[in-house]
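[1] Compute the structure for the input listed below.
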Amino acid sequence: MSDHLHRLSAFLMTASGLPVKGIIVMLACAILGITLNSAAAAPIKTPNDPRFKDKSQWYLADSQAAKLGFQNAWELTRGNPNIIVAVLDTGIDLDHEDLQKRLVTGYDFANADSVPEDNLGHGTAVAGIIGAVTDNARGMAGITWDGRIMPLKVMDSAGGGNNYDVIFSRMEKAIRMAINATPTPPRVINISIGGPCPRDLCSQDVLQGLHGAIREAYARGIVIVAASGNKNEENVLYPARFPEVIAVGATNYSDERCAGALLALNCAIPNQIPLWSGSNYGIELDLMAPGQNIYTTKPDGYGYYSGTSYAAPQVSALVALVLSKNPNLTPRQIQDLLQRTAFKKQECGVECDFSERAEEGGWNKYMGFGRIDAYRAIRAADLLASAPQHGQATRTRPGKLDEAVGPR
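    Numbers count the residues shown, from 1 in each chain. Presented below is the predicted three-dimensional model:
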């Protein structure tokens, strides 16, 4: 016990320059380091879904390739039906055997009707990662066992093309609908689509309208997660690059950023459409999650997909689990918690140098604050639920959260 007290004392001394809420978050992480050094300290829950059991869902398995800790996290919480994740995408296969029971009423903004059916497949794949029915002895396991999904279709069967004005306008409408949804608005919004918004293809008025909706959602306590992009360039796409949004990049089997000319490094699947060359990066990047060969649902079945589109929903699902454990956390607090509990791989060159923003836990433009660690994040949320509330974190993130509004 004396050793524990000594370590806590030393830790608080190093955190003395932070606001009290920041100290509480870091204290939770310190306690985690004392009571458990890895997710293996908790019991392992193994769903009976076939593709989980045969390791097709490698990103969820307790293995050397994946240490996200979701199996351990399920011993702490498996979600809450009142924590809804809105999926802004191409719709969802509304009759899918592993999704139908998890859906709440949504809307199709592409066709202006109340049937957000997916005739492209992208949204169905995203939804399966978040919340496919788990432990039902069929198909795959979703990350949130008890949460629900709201399908909001913003792209048509052609994917919307490069008409960013149309796509971003639909996104704005979808977010505003989500904010005012009754009886239970979503607490999380996943956006696995986006664009660079060049001035010749994207009206700044439309972009500002989308940002306004995101700011309002943030102020209402809704966490927004978005994919960084798949061109292996220093350019985090909109809406992920907005300061209120958690921007997510993709990692490979080796826990490194998806990038490079070889398929094994850039995470591409042969003959996958659309093709991609790697995970976008930049100053707006926040977190990473696996994006290589992600097994999930597709219309009328299942399949493998790669890209940041499939990394983002893992973060959205984790946020839903965190909120099911501690629903009082604000978007700002959740972002702070996820970054401080993230795993930072060492010894992989410049992309594993997390020496920047050390006071915030360490960051770099290639990997953000690191790859999510579900078990540590949920343990921290649990500890924060019982910690005295004396204000909130006021971390500064150059070029990103210094512009954020809403609960702090």
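
[2] ranges for the strands of this structure?
    Using DSSP state E, the strands of the chain run over 84-89, 107-108, 148-153, 188-191, 223-227, 245-251, 287-290, 294-298, 301-305.

[3] Let me know which of these is tucked in deepest.
    strand 188-191 (a mean of 31; mean count of other Cβ atoms under 10 Å). Yep, even glycine has a C-beta here, placed from its N, CA and C like the rest.

[4] before we move on, the earlier item: I'd like the strands of the chain written out as a markdown table, with mean pLDDT and distance to Gly278 added.
    Shown next, in a markdown table, are the strands of the chain (pLDDT from 0 to 100; distance: least, Cβ to Cβ, whole Å):
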| stretch | mean pLDDT | distance to Gly278 |
| --- | --- | --- |
| strand 84-89 | 98 | 22 |
| strand 107-108 | 98 | 32 |
| strand 148-153 | 98 | 28 |
| strand 188-191 | 98 | 20 |
| strand 223-227 | 98 | 13 |
| strand 245-251 | 97 | 8 |
| strand 287-290 | 97 | 12 |
| strand 294-298 | 97 | 15 |
| strand 301-305 | 95 | 15 |
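
[5] Save the ones you listed as a markdown table, and put in distance to Val133 too.
    Shown next, in a markdown table, are these (distance: least, Cβ to Cβ, whole Å):
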| stretch | distance to Val133 |
| --- | --- |
| strand 84-89 | 15 |
| strand 107-108 | 23 |
| strand 148-153 | 11 |
| strand 188-191 | 18 |
| strand 223-227 | 22 |
| strand 245-251 | 24 |
| strand 287-290 | 21 |
| strand 294-298 | 10 |
| strand 301-305 | 13 |
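
[6] I'd like to know which of the ones you listed is closest to Leu318.
    strand 287-290 (8.3 Å; Cβ to Cβ).

[7] contacting residues around the closest one?
    By Cβ atoms under 8 Å, 6 or more residues apart in numbering, the residues outside strand 287-290 that reach it are 58-59, 66, 68, 246-252, 257, 279, 311-312, 314-315, 338-339, 342, 367-372.

[8] same check, this time on stretch 252-261
    Contacts of stretch 252-261 (Cβ under 8 Å, 6+ apart): 58, 65, 67, 232, 249-251, 264-267, 277-279, 281, 288, 290-293, 306, 308, 343, 345, 348, 351-352, 366-367, 371.

[9] show me what contacts the residue nearest the centre of the chain?
    Nearest residue to the geometric centre of the chain (Cα atoms, centre = their mean): Val315, 2.1 Å. Going by Cβ under 8 Å, 6+ apart, Val315 touches 225, 246, 248, 287, 289, 338, 372.

[10] before we move on, what about Ala125?
    Applying Cβ under 8 Å, 6+ apart to Ala125 gives the contacts 294, 296-298, 303, 305, 309-310.

[11] give me that answer again for 7 Å
    296-298, 305, 310 (Cβ atoms under 7 Å, 6 or more residues apart in numbering).

[12] do you know how far it is from Met140?
    According to Cβ to Cβ, to the nearest Å, Ala125 stands 11 Å off from Met140.

[13] Now the common contact residues for these two.
    Counting by Cβ under 7 Å, 6+ apart, the residues touching both Ala125 and Met140 are 296-297.

[14] and the residue nearest to Asn80 when sequence neighbours are not counted, how many neighbours does it have?
    Leaving aside its sequence neighbours, Asn80 sits nearest to Ser324 (Cβ to Cβ, 6 or more residues apart in numbering; 3.8 Å). Using other Cβ atoms under 10 Å, Ser324 has 23 neighbouring residues.

[15] Pretty sure Ser324 sits against Ala73.
    No. Contact criterion Cβ atoms under 7 Å: Ser324 and Ala73 do not qualify, at 10.4 Å.

[16] follow-up on the earlier one: may I see the ChimeraX selection of the buried members of the contacts of strand 287-290?
    One line in ChimeraX is enough to select the buried members of the contacts of strand 287-290, burial here meaning 16 or more other Cβ atoms under 10 Å:
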select :58,59,66,68,246,247,248,249,250,251,252,257,279,311,312,314,315,338,339,342,367,368,369,370,371,372
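
[17] Out of the contacts of strand 287-290, name the ones that lie in helices.
    Residues from the contacts of strand 287-290 lying in helices, with DSSP state H as the criterion: 312, 314-315, 338-339.

[18] Any stretches of the stretch 151-300 of the chain with poor pLDDT?
    Applying pLDDT under 70 to the stretch 151-300 of the chain flags residues 158-162, 260-266, 270-275.

[19] which residues in it form helices?
    164-179, 204-219, 263-266 (DSSP state H, counting those that start in this stretch).

[20] So which of the ones you listed is the most surrounded?
    Of all the helices of the stretch 151-300 of the chain, helix 164-179 has the most neighbours on average by mean count of other Cβ under 10 Å, namely a mean of 22.

[21] That one - contacts with which helices or strands?
    If you count contacts as 3 or more Cβ pairs under 7 Å, 6 or more residues apart in numbering; DSSP states H and E, helix 164-179 packs onto strand 84-89, strand 148-153, strand 188-191, helix 204-219.

[22] As a check, name the ranges of all helices in the stretch 1-150 of the chain.
    Under DSSP H, counting those that start in this stretch, the stretch 1-150 of the chain gives helices at 2-14, 20-35, 50-53, 70-73, 122-131.

[23] All set, thanks.
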